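> Below are the sequence and a predicted model; questions follow.
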Amino acid sequence: MARVLRYDVERLPPVIRHDLAARGWVEFDEEKEENEQPTWNLWWKSARFTLSQLGSAHYPMQRLNHFPKSGEITKKDTLLRNLRRMRGVHGQVCDILPESFILPGEYVKFCQAFADARDEGRPNLWICKPSELSRGRKIFVFKDIGQLSYDCASVVQKYVDNPMLLSGYKFDLRVYVLVTSFQPLRVYIYRNFLVRFGTEKYDLSDLSNLHSHLTNTSLNKFAPNFDAEKEGIGEGCKWDAARFTEWLAAQGIVMGPIWERIETVVNLTLLSIAPFVPQNQACFELYGFDLLLDHHLKPWLLEVNFSPALQVDGAVDEKVKVPLVHDMFDTLNLSACLPADAAPAAPPKEAKRAKPTARQRLLSDVITSRKHGENAKAFGRRVEFVDKAAGAFDRCFPFNQATEKASQLLLSQAQNERDGATKAVVGEIKKRELAAIQDTRMIMKAVRGGHAAPEQPPAAPSPSTGSPSAPPKGAKRAPTASTPPASSVPSSLAGIQKRLEGNLPSMLPRRASGAGSFARQTHPIPPGVTKPRQRKPVGGGTPPTATTSTPTAGRPRNDALTTTG
């Protein structure tokens with residue numbers, strides 16, 4: 001019996017249709033009644049599912065490609081709130097986002113941070129991003145607070161002005177992450193990531209040039225020199241993981257510790273919402289994590305993409321996305337979930353009903369939470385996961401026996417047990433991160449200690465003169481694609497390679513290549529922000545010192561990780 005694919009009309013990526021057709025799947029006809037055709041087995045949507053659609057899926061014979069409430073990390077403002085909470089509880093290990101503020105609610109706090117950086121002489125470049133838009137729309141970089149203008153809910157973020165460069169071009173990494181369960185958390189990460197470049201060389205003297213500062217393919221593919229042969233990069237604006245890893249090796253840089261730190265970013269981000277996502281065994285989720293490497297090789301989380309683009313636009317996309325979809329379905333193990341000789345009863349039609357009130361939605365969430373709490377332990381024993389790593393997917397979480405055991409306790413009804421389990425999981429992540437940081441520092445020390453002199457990123461323009469400021473004394477330089485050293489890997493890194501051998505997968509792929517509701521706002525700096533107003537105490541004396549609390553989700557200038565918190 002053929003399995004049936006249901007999807008959004010004209011919104012399904014062709015690569016998914018082609019892969020499933022090769023497996024013998026047929027398509028669901030939306031114009032026919034459900035009782036006139038076989039029941040669907042996989043429903044793929046680019047948008048979220050309704051509660052009735054989520055409740056109608058019968059696992060294991062039917063699967064949905066989105067979890068309920070999984071979008072809490074794909075909006076930039078809610079992502080920031082979740083990671084702030086994690087950092088407040090678990091400390092600096094969760095310092096994976098640059099310093100950020102939500103506008104318009106935190107505008108005054110942002111002004112204080114802007115004034116502090118200016119008064120202390122620190123780099124004062126910021127980037128403004130709409131919370132719910134994608135593909136680089138309405139994003140801009142600024143250094144003068146008078147340039148800040150927005151017409152929808154936005155996040156303003158400290159601009160990482162010291163990125164790692166490749167032949168003078170800025171780049172980021174698009175890493176694909178597959179979540180098969182949130183309770184307990186099960187995560188797979190795809191080794192063959194995409195490297196996306198800006199199509200013009202990185203230049204801080206021109207902040208209006210988005211082709212220099214943004215790496216979004218949807219923006220750069222329309223650049224004048226997209227098809228030109230660019231130094232060190234070639235045509236287009238994408239590489240695959242294999243080519244990037246080879247370039248790193250030519251610079252004397254081992255990818256292993258960097259990959260461990262990327263996995264840390266992924267795990268912490270997903271842990272921030274795992275307790276709040278209602279469990280539904282029929283669901284899975286494919287995320288696209290965008291990360292930026294700075295000149296210390298530290299990965300910074302830029303954003304998480306809901307329904308990442310799977311359209312194939314060129315040879316690099318074909319080498320990455322076609323195997324990605326194939327390996328995703330193999331990892332989900334759909335053949336075990338969807339028996340060919342059994343078909344579920346057709347789910348009842350959705351009844352037309354009034355939109356639930358806020359009180360009804362809250363009550364529904366409470367009932368769902370209680371139900372999952374009562375059945376948590378039984379659920380953990382009863383469910384046997386059929387997913388398994390396949391192709392270039394590797395399991396990212398749980399990554400050892402301690403995290404495997406602790407992830408089961410996250411299902412406990414007792415709050416203290418859940419808190420203890422989360423603390424134990426973050427503790428294991430912190431150990432792993434500390435080791436990766438030490439390895440990264442050894443790599444950078446070896447690279448800067450006698451190999452090819454890396455290129456210094458262009459200095460930021462001085463706010464007063466507008467000319468590039470001189471780099472501070474002792475400033476570290478960023479590795480770029482300058483002349484490769486004679487040896488691909490320094491001998492001092494042999495110990496790191498030996499330790500990573502067997503613990504990390506090979507970075508080469510195993511498979512063959514085959515709008516807001518308020519008006520636009522432009523704010524001046526509120527008076528008194530730079531130096532908070534102090535009231536003179538009655539009777540004289542020294543006025544008390546004013547303190548200002550500035551919540552942060554990460555500070556790019558500090559890459560150290562403490563062992564406390």
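That came through, no problem. Numbering: from 1, shown residues only.
> CA atoms for contacts and neighbours, from now on please.
Will do.
> Helices along the stretch 201-350 of the chain, start to end?
Under the criterion DSSP state H, counting those that start in this stretch, the stretch 201-350 of the chain carries helices at the ranges 210-213, 217-220, 241-250, 255-271, 315-332, 334-337.
> Name the stretch among those helices that sits most buried.
Among the helices of the stretch 201-350 of the chain, helix 210-213 has the highest mean neighbour count (mean count of other C-alpha atoms under 10 Å), at a mean of 24.
> quick revisit: can you redo the helices of the stretch 201-350 of the chain as CSV with mean pLDDT and distance to residue 304?
Rendered in CSV, the data for the helices of the stretch 201-350 of the chain read as follows (pLDDT from 0 to 100; distance: least, C-alpha to C-alpha, whole Å):
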stretch, mean pLDDT, distance to residue 304
helix 210-213, 85, 19
helix 217-220, 83, 15
helix 241-250, 93, 19
helix 255-271, 95, 9
helix 315-332, 94, 18
helix 334-337, 72, 26
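> Quick check: which of those is nearest to residue 117?
The minimum distance between residue 117 and the helices of the stretch 201-350 of the chain falls on helix 210-213, with 21.2 Å, by C-alpha to C-alpha.
> Can you tell me what sits against the closest one?
Taking C-alpha atoms under 8 Å, 6 or more residues apart in numbering as the criterion, the residues outside helix 210-213 that touch it are 140, 169-170, 198-203, 207, 219-220, 223.
> And those, which is closest to residue 395?
The nearest member of the contacts of helix 210-213 to residue 395, counting by C-alpha to C-alpha, is residue 170 at 29.3 Å.
> low-confidence ranges in the protein?
Counting by pLDDT under 70, the chain contains low-confidence residues at 1, 9-10, 336-385, 412-413, 450-565.
> Scan it for its longest helix.
helix 415-448 (DSSP state H).
> between that helix and helix 255-271, how big is the angle?
Helix 415-448 runs at 150 degrees relative to helix 255-271, counting by axes from the mean of the first three to the mean of the last three C-alpha atoms, to 10 degrees.
> number of nearby residues for residue 47?
Around residue 47 there are 12 other residues, counting by other C-alpha atoms under 10 Å.
> Next: the one 10 residues further on.
The local packing of residue 57 (other C-alpha under 10 Å) involves 23 other residues.
> Neighbouring strands - and their directions - for the longest strand along the chain?
Of all the segments of type strand in the chain, defined by DSSP state E, the longest one is strand 169-182. Paired with strand 169-182 in the same sheet, following DSSP bridges, are strand 165-166 (antiparallel), strand 185-190 (antiparallel), strand 194-197 (antiparallel), strand 285-293 (antiparallel).
> how close does residue 334 get to residue 190?
Here the distance between residue 334 and residue 190 works out to 18 Å (C-alpha to C-alpha, to the nearest Å).
> which residues does residue 398 contact?
The neighbourhood of residue 398, defined by C-alpha under 8 Å, 6+ apart, consists of 185, 186, 187, 404, 407.
> Take those residues and write them to a markdown table, including neighbour count and distance to residue 131.
Output for those, formatted as a markdown table (neighbours: other C-alpha atoms under 10 Å; distance: C-alpha to C-alpha, whole Å):
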| residue | neighbour count | distance to residue 131 |
| --- | --- | --- |
| 185 | 21 | 26 |
| 186 | 21 | 27 |
| 187 | 25 | 25 |
| 404 | 16 | 34 |
| 407 | 25 | 30 |
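> Residue 330: which of those is nearest?
Distance to residue 330, by C-alpha to C-alpha, is smallest for residue 187 among those, at 14.5 Å.
> Any idea what the closest one is bridged to?
For residue 187, the residues forming beta bridges with it (DSSP bridges) are residue 179, residue 397.
> I figured it was touching residue 397, is that so?
Yes. Counting by C-alpha atoms under 8 Å, residue 187 touches residue 397, with 5.0 Å between them.
> thinking again about what came up before, same for the longest helix of the chain, what does it pack against?
helix 255-271, helix 401-409 (3 or more C-alpha pairs under 8 Å, 6 or more residues apart in numbering; DSSP states H and E).
> so that helix versus helix 401-409, what angle?
For helix 415-448 against helix 401-409, the angle between stretch directions is 150 degrees (the same axes, to 10 degrees).
> Quick check: buried residues in helix 415-448?
For helix 415-448, burial by neighbour count (16 or more other C-alpha atoms under 10 Å) applies to 418, 421-427, 429-430, 432-434, 436-437, 439-440, 442-444, 446-448.
> Residue 213 and residue 200, how far apart?
Separation of residue 213 from residue 200 (C-alpha to C-alpha): 8 Å.
> Alpha carbons of stretch 241-249, as CSV, please.
As requested, C-alpha coordinates have been extracted for stretch 241-249 and formatted as CSV (Å, rounded to 0.1, in the frame of the first residue of the first chain):
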residue,chain,number,x,y,z
ALA,A,241,31.1,22.0,4.6
ALA,A,242,33.7,20.0,2.9
ARG,A,243,35.2,23.0,1.1
PHE,A,244,35.1,25.1,4.2
THR,A,245,36.8,22.4,6.3
GLU,A,246,39.6,22.1,3.7
TRP,A,247,40.1,25.9,3.8
LEU,A,248,40.3,25.8,7.7
ALA,A,249,42.9,23.0,7.5
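> still on that earlier bit, between the contacts of residue 398, which sits nearest residue 20?
Ranked by distance to residue 20 (C-alpha to C-alpha), the contacts of residue 398 are led by residue 187 at 22.7 Å.
> which residues touch the closest one?
Under the criterion of C-alpha under 8 Å, 6+ apart, the contact partners of residue 187 comprise 177, 178, 179, 180, 181, 395, 396, 397, 398.
> again, only using 6 Å
Shown in contact with residue 187 (C-alpha atoms under 6 Å, 6 or more residues apart in numbering): 178, 179, 395, 396, 397.
> Format those as TSV; extra columns: distance to residue 314 and neighbour count.
Converted to TSV, those look like this (distance: C-alpha to C-alpha, whole Å; neighbours: other C-alpha atoms under 10 Å):
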residue	distance to residue 314	neighbour count
178	23	22
179	27	23
395	28	19
396	29	21
397	32	22
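> With distance to residue 84 as new columns, can those residues be given to me in TSV?
Conversion of the contacts of residue 187 to TSV gives the following (distance: C-alpha to C-alpha, whole Å):
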residue	distance to residue 84
178	24
179	22
395	26
396	23
397	21
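> coming back round to it: just send the helices of the stretch 201-350 of the chain back as a markdown table, with distance to residue 71 too.
What follows is the helices of the stretch 201-350 of the chain, written out as a markdown table (distance: least, C-alpha to C-alpha, whole Å):
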| stretch | distance to residue 71 |
| --- | --- |
| helix 210-213 | 26 |
| helix 217-220 | 22 |
| helix 241-250 | 27 |
| helix 255-271 | 11 |
| helix 315-332 | 20 |
| helix 334-337 | 24 |
